[in-house]
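Asks: Below are the sequence and a predicted model; questions follow.
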Amino acid sequence: MSHFSYENRIWDKIETLPQSELKLLQVERLRRTVERQMNVPFYKERYATARIAPDSIRSLDDLQRLPFTTKADLRENYPLGFLAAPREEVVRYHGSSGTTGKPTIVAYTKNDLDIWSNLCARFLVAGGLQPHHTVQIAFGYGLFTGGFGLHYGVEKVGAAIIPAASGNTKRQIMLIQDMQTDALVCTPSYALAIADAIHHEGIDASKLSLKFAFFGGETWTESMREAIENTLPIFASNNYGLSEVIGPGVSGECVARTGMHFQEDHFIVECLDPDSLEPVPEGEPGELVITAITKEATPLMRYRTRDIARVFGGTCPCGRTFKRMGRVIGRSDDMLIIRGVNVYPSQIEEALLQVEGASPHYELELTRPKTLDVITVRVEITPEQFSDKISDMTILKERISASITQVTGVHMHVEILPPRSLKRFEGKALRINDLRDLKIE
Ligand code: DLL
């Protein structure tokens, strides 16, 4: 069977459930979730104030009456204020590392873990994984949901796991070669770092056994996918999730790569205007707001993800019927407002990668020398294009600058750097260095 055929790519028959039946299932599960959330003081109080009883949930329109949950709510109720199950039923904790101090803790019952591994199995199979494959998991194993989430998903599929964890790039490459790894699981930026090291070591990437990759955990662009697929012999698919909701497994691409299929039998997804909190028209970008309708330990109601993406329906050649999301364009808190123009870092990535000679290794620095924000884009030039001829480099820099202005509508300072001069990332990339609070005069 070719990697790209749709045969045997559905893990769970329910993924092809007609939308009309799905809606009935969602309402029933939403009602049960509200019932369960009565165990959580945060929700119990809000439901009492709004006079919401589980039995009053009769259609998906009732969702509008239900309250939102934010990251701040989770912080205020740290660590286990959102626990809806008795503590003795909890079998696992995970968390997201916040930028400020304490992580957000999420809990799982045995049933939650079982559902989670099935959800990961769904997107793995959808993206090409088969039981005879060997999968190298180069995500961190720990509080972060990437490592363990994917681990149990791969195990469910029945493929062999190399739990390499993130980091130690030389050893990753050795394992890929010696173990004949078929599929790589990590963040796209770590894949880029691995690809770069393979190239640097003079290894012929086309001779590697790699065939697939499952990337997620951070924003990346279509151009980044091309850049990685041009250096590694892989078919890379995208998967999305967040620890507050479950971890990886909220949505993922099939081999058609026409958007990430939401696992709508477990999550209700809304796409809202982040300011008015009203739904945006179908297909327009908005903030994803997700309700977990089967989670037992920490089921969140209308969780505001801050992730901006498009959500759309329609049939996919793979046969799945659930709604899909486009790539995450950015997080509403990552959006830069430069001289009145909204810019997401992903647009800058897209613009850079349109220029031959610009590598996917870049960083953005934000300063505010007077009253206006300034972005400096630092980008490595590819080894093939890098030269010590100043005129060549000036032309390249001008091309990059023009591409950025064209895509974003904003002029940015560009600095070009020799190959391998920027930091590489083993997990989620940190490409924005915000110095604006330092008030550089
Ligand atoms: O990153 C869960 C995950 C792990 C998903 C591995 C996929 C693979 P958190 O650490 O809680 O959980 O971070 C969640 O990461 O709100 C998005 O902003 C971002 N994110 C996750 N997947 C994608 C993706 C995991 N495919 C946050 N594209 C989310 C863009 C993503 N952003």
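Replies: Received, thanks.

Asks: Can you name the residues of this structure that neighbour the ligand?
Replies: Among all residues of the chain, those adjacent to the ligand (criterion: Cβ under 6 Å from any ligand atom) are 96, 144-146, 216-219, 238-243, 247-248, 305, 307, 328, 331. Glycine gets a C-beta too; all of them are placed from N, C-alpha and C.

Asks: Okay, now the unreliable bits of the protein?
Replies: Counting by pLDDT under 70, the chain contains low-confidence residues at 1-7, 98-100, 438-441.

Asks: According to the record, where do the domains of it fall?
Replies: Per the record, the chain has its domains at 13-17+93-331, 336-434, by automatic domain parsing.

Asks: Serialize those domains to a markdown table and add fields for mean neighbour count.
Replies: Conversion of these to a markdown table gives the following (neighbours: other Cβ atoms under 10 Å):
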| stretch | mean neighbour count |
| --- | --- |
| domain 13-17+93-331 | 20 |
| domain 336-434 | 17 |
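
Asks: Just put these in a markdown table and tack on distance to residue 41.
Replies: Supplementary listing: those in a markdown table, determined by distance: least, Cβ to Cβ, whole Å:
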| stretch | distance to residue 41 |
| --- | --- |
| domain 13-17+93-331 | 14 |
| domain 336-434 | 33 |
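
Asks: Which of the residues of the chain next to the ligand fall in strands?
Replies: When the residues of the chain next to the ligand are checked against strands (DSSP state E), the matches are 96, 216, 238, 239, 240, 241, 242, 247, 248, 305, 307, 331.

Asks: Tell me who's in contact with the nearest residue to residue 96 once chain neighbours are set aside.
Replies: The shortest distance from residue 96 to any residue other than its chain neighbours is 4.3 Å, reached at residue 243 (Cβ to Cβ, 6 or more residues apart in numbering). With contacts defined as Cβ atoms under 8 Å, 6 or more residues apart in numbering, the neighbours of residue 243 are 94, 95, 96, 104, 106, 144, 145.

Asks: between those residues, which is nearest the ligand?
Replies: residue 96 (3.6 Å; Cβ to the nearest ligand atom).

Asks: That closest one reaches residue 78, doesn't it?
Replies: No. Contact criterion Cβ atoms under 8 Å: residue 96 and residue 78 do not qualify, at 11.9 Å.

Asks: which residues do the two both contact?
Replies: Common neighbours of residue 96 and residue 78 (criterion: Cβ under 8 Å, 6+ apart): residue 104.

Asks: Checking residue 385 next. Helix, strand or coil?
Replies: For residue 385, the assignment made with DSSP: H, G, I helix; E, B strand; the rest coil gives coil.

Asks: show me what contacts it?
Replies: Counting by Cβ under 8 Å, 6+ apart, residue 385 makes contact with 356, 357, 396.

Asks: returning to what we had before: quick check: the farthest pair among the ones in strands among the residues of the chain next to the ligand?
Replies: Of all pairs drawn from those, the one with the largest separation by Cβ to Cβ is 96 and 238; the distance is 19.3 Å.

Asks: All the strands of the stretch 151-300 of the chain, residue numbers only.
Replies: 160-162, 183-186, 212-216, 235-242, 247-253, 260-262, 267-272, 285-292 (DSSP state E, counting those that start in this stretch).

Asks: Smallest gap between the stretch 151-300 of the chain and the ligand, at which residue?
Replies: The stretch 151-300 of the chain approaches the ligand most closely through residue 216 (2.8 Å), counting by Cβ to the nearest ligand atom.
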